[in-house]
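*Asks:* this one's structure only:
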DNA sequence: CCCCAGGCACCTC
DNA sequence: GAGGTGCATGGG
């Protein structure tokens, strides 16, 4: 086992592990001393979280466990591998949060959110788990999305051990493509089960979700919409939370409500037009950051 | 019993 | 392409 620390005081704009992992951006982590996404868990804890790095991302070619905990200005990690570069990538520790806030619009609702969750960063999840989890997110609460992903990992993922504890990698496209629709429904996926199976088969057959990362924003969104169960909103989530499109603003029910209450001038009929309006209103290149702060703030107040 | 949850596929027109 | 409808599942 390896361990290490990352000095958070050296990061521009600081870091907050709990809000980063429990704001509904990522379903790739589990909390070891409590349930993710329970409101009374919000803020102030020094909880430990675990994830499994996909085999496709590790030097060893095997899935590798990382556990991590934030204490007093440091991120302490333990891992089966050198977790430092993975953590910097998955948690976007290189983002200059101070600069992002400077470039964001002067909005009271954003200031409130930023005061509550200072240090929260957008995540950069591995693309296949991110894609599947947001296909599962349709008409579903975050607590149950998390439960569905835990079920998928346990039922279909490769087990990995760290000091006697067993964790599961998120299933590969091959592992999910081989699952039956019935088995997927048993994980609680409901009508999303055939979407997940079909999307896994498409990836196995060679359609690459990560290829969107090389494209211009609208082409990237259209590329992702080829997958079954992926529309404009899910595509924007994958672009923002996995592929580095910090300008993407997923238009979900909460942001739509916010638009009605705070930005009525951005209202429009189609997703495209309203999305463009709100992206401009949120300052363009970092609009996804603004949206994520506002979403978490309003959802948990 | 109702309604709703970080929407989407599919069918009309 | 724009608009309506069905969709599994669990909790309030």
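*Replies:* Ah, there it is. These numbers come from a predicted model, not from an experiment.

*Asks:* so what pLDDT did residue A:75 get?
*Replies:* We have a pLDDT of 98 for residue A:75.

*Asks:* scratch that, residue A:158 is what I was asking about
*Replies:* At residue A:158, pLDDT is 98.

*Asks:* and the gap between the residue lying closest to it once chain neighbours are set aside and residue A:5?
*Replies:* Once flanking residues are discounted, residue A:158 sits nearest to residue A:169: 4.6 Å by C-beta to C-beta, 6 or more residues apart in numbering. Using the backbone N, CA and C atoms, a C-beta is placed for each residue, glycine as well. Counting by C-beta to C-beta, to the nearest Å, the gap from residue A:169 to residue A:5 is 25 Å.

*Asks:* repeat that for residue A:67.
*Replies:* On the measure of C-beta to C-beta, residue A:67 and residue A:5 end up 13 Å apart.

*Asks:* which neighbours do these two share?
*Replies:* residue A:77 (C-beta atoms under 8 Å, 6 or more residues apart in numbering).

*Asks:* okay, those two: which has more neighbours?
*Replies:* residue A:67 (23 against 12; other C-beta atoms under 10 Å).

*Asks:* which residues touch the closest residue to DNA strand B within the stretch 151-300 of chain A?
*Replies:* DNA strand B sits closest to residue A:231 of the stretch 151-300 of chain A, with a gap of 2.7 Å, by C-beta to the nearest atom of the strand. Neighbouring residues of residue A:231 by C-beta under 8 Å, 6+ apart: residue A:225.

*Asks:* how about residue A:298?
*Replies:* With C-beta under 8 Å, 6+ apart, residue A:298 has these contacts: A:109, A:113, A:254, A:257, A:258.

*Asks:* swap in residue A:56?
*Replies:* With C-beta under 8 Å, 6+ apart, residue A:56 has these contacts: A:126, A:172.

*Asks:* ok so it is a strand residue?
*Replies:* No: with DSSP: H, G, I helix; E, B strand; the rest coil as the criterion, residue A:56 is helix rather than part of a strand.

*Asks:* what's the distance between it and residue A:62?
*Replies:* Residue A:56 is 10 Å from residue A:62, by C-beta to C-beta.

*Asks:* cool, and residue A:227?
*Replies:* 27 Å.

*Asks:* what about residue A:61, which helix or strand?
*Replies:* Following DSSP states H and E, there is no helix or strand that holds residue A:61.

*Asks:* residues contacting it?
*Replies:* residue A:55.

*Asks:* show the pLDDT at it.
*Replies:* 97.

*Asks:* got the phi and psi for residue A:77?
*Replies:* Per-residue torsions, residue A:77: phi -130, psi 150 (degrees, to the nearest 10).

*Asks:* centre of the chain versus stretch A:259-272, how much separation?
*Replies:* 25 Å (C-alpha atoms, centre = their mean, to the nearest Å).

*Asks:* which other residues reach that stretch?
*Replies:* Contacts of stretch A:259-272 (C-beta under 8 Å, 6+ apart): A:107, A:109, A:232, A:233, A:251, A:274, A:277, A:278, A:281.

*Asks:* among the residues you listed, who's most crowded?
*Replies:* Busiest of these [other C-beta under 10 Å] is residue A:278, holding 22 neighbours.

*Asks:* wait, that one touches residue A:287, no?
*Replies:* Yes: contact criterion C-beta atoms under 8 Å: residue A:278 and residue A:287 qualify, at 7.3 Å.
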